[in-house]
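> just to be clear, the model below is a prediction. Sequence and coordinates:
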Amino acid sequence: MMHAPRVRALESRHAELETRISAEGARPRPNDVALTRLKLEKLQLKEEMEKLRRAS
């Protein structure tokens, strides 16, 4: 699979974002703007991973 290293890097970043989203959501007063930005970035990574997997 030619895209495997890129997919692994994206998966790692995706997991990191999940951790940051969880931490932000657990705060007493979560920053909604930050949460939205993190979730959008996570979704974009997921979409890029799907494209790479389909192309392989």
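Cool, the structure landed. Numbering: from 1, shown residues only.
> quick one: the helices in the protein, in order.
Per DSSP state H, the chain carries helices over the ranges 4-26, 32-55.
> so for stretch 39-56, what's the average pLDDT?
Confidence for stretch 39-56, expressed as mean pLDDT, is 95.
> what do you get for stretch 17-36?
Computed over stretch 17-36, the average pLDDT equals 98.
> kindly check the end-to-end length of that stretch for me.
One end of stretch 17-36 to the other measures 12 Å (Cα to Cα, to the nearest Å).
> report the buried residues of that stretch.
For stretch 17-36, the buried set under the neighbour-count rule, 16 or more other Cβ atoms under 10 Å, comprises 17, 21, 24. For glycine as for every other residue, the C-beta is placed from the backbone atoms N, C-alpha and C.
> contact partners of it?
For stretch 17-36, the external contacting residues (Cβ atoms under 8 Å, 6 or more residues apart in numbering) are 38-39, 41-42, 45.
> ok, now how distant is Thr19 from Val33?
Distance, Thr19 to Val33, using Cβ to Cβ, to the nearest Å: 19 Å.
> burial measure for Arg13, as a count.
15 (other Cβ atoms under 10 Å).
> how about it, nearest residue that isn't a chain neighbour?
Distance criterion Cβ to Cβ, 6 or more residues apart in numbering; nearest residue to Arg13, sequence neighbours excluded, is Leu45 at 5.8 Å.
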